[in-house]
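Engineer: Have a look at this prediction, sequence included:
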Amino acid sequence: MDNNTVDAAGNTAVAVAANVEYAMIEVEGEYLIFADARRQAVGPRDNTVIATITGKELVGVEYEPLFNPHEFVWIGSVLLRQ
C-alpha cells in the first residue's frame, strides 16, 4: 500500500461535529445516521427521517461498524475481502 491509497480497512471510528444536525432514517430494518445537510446527496433519498440529533448528542454513542476491517486484505493497491 502506498501513501496515496486510502486505508479503508482502518477506518473504524466515527467523527461528528457538535453543532451539526444529523438525521436518523430506517432502511430495511436498520437505522442509519447522516449529516442532514448531506443526506439527500449521499444517503437513501426515499426514506423518512425518524429523528434529528445534534452531533453533541451522538458523542459516546456506540455503533455497529459498516464492515469488519479484519475481513479485508490489501493486494497491491486493491482492497479485497478475504
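Structural biologist: Now that the structure is in, tell me what you want to look at.
Engineer: hey, let's count contacts and neighbours off CA atoms from now on
Structural biologist: Noted.
Engineer: In contact with Leu32, which residues are there?
Structural biologist: 24-26 (Cα atoms under 8 Å, 6 or more residues apart in numbering).
Engineer: Just those residues: which are in strands?
Structural biologist: 24-26 (DSSP state E).
Engineer: those helices in this structure, which residues are they?
Structural biologist: Ranges of helices in the chain, per DSSP state H, are 39-42, 55-58.
Engineer: For Ala17, find the nearest of those.
Structural biologist: helix 55-58 (5.1 Å; Cα to Cα).
Engineer: List the buried residues of the closest one.
Structural biologist: 55, 58 (16 or more other Cα atoms under 10 Å).
Engineer: now what about it, what contacts it?
Structural biologist: 16-22.
Engineer: end to end, how far does stretch 37-53 reach?
Structural biologist: Distance between the boundary residues of stretch 37-53 (Cα to Cα, to the nearest Å) amounts to 12 Å.
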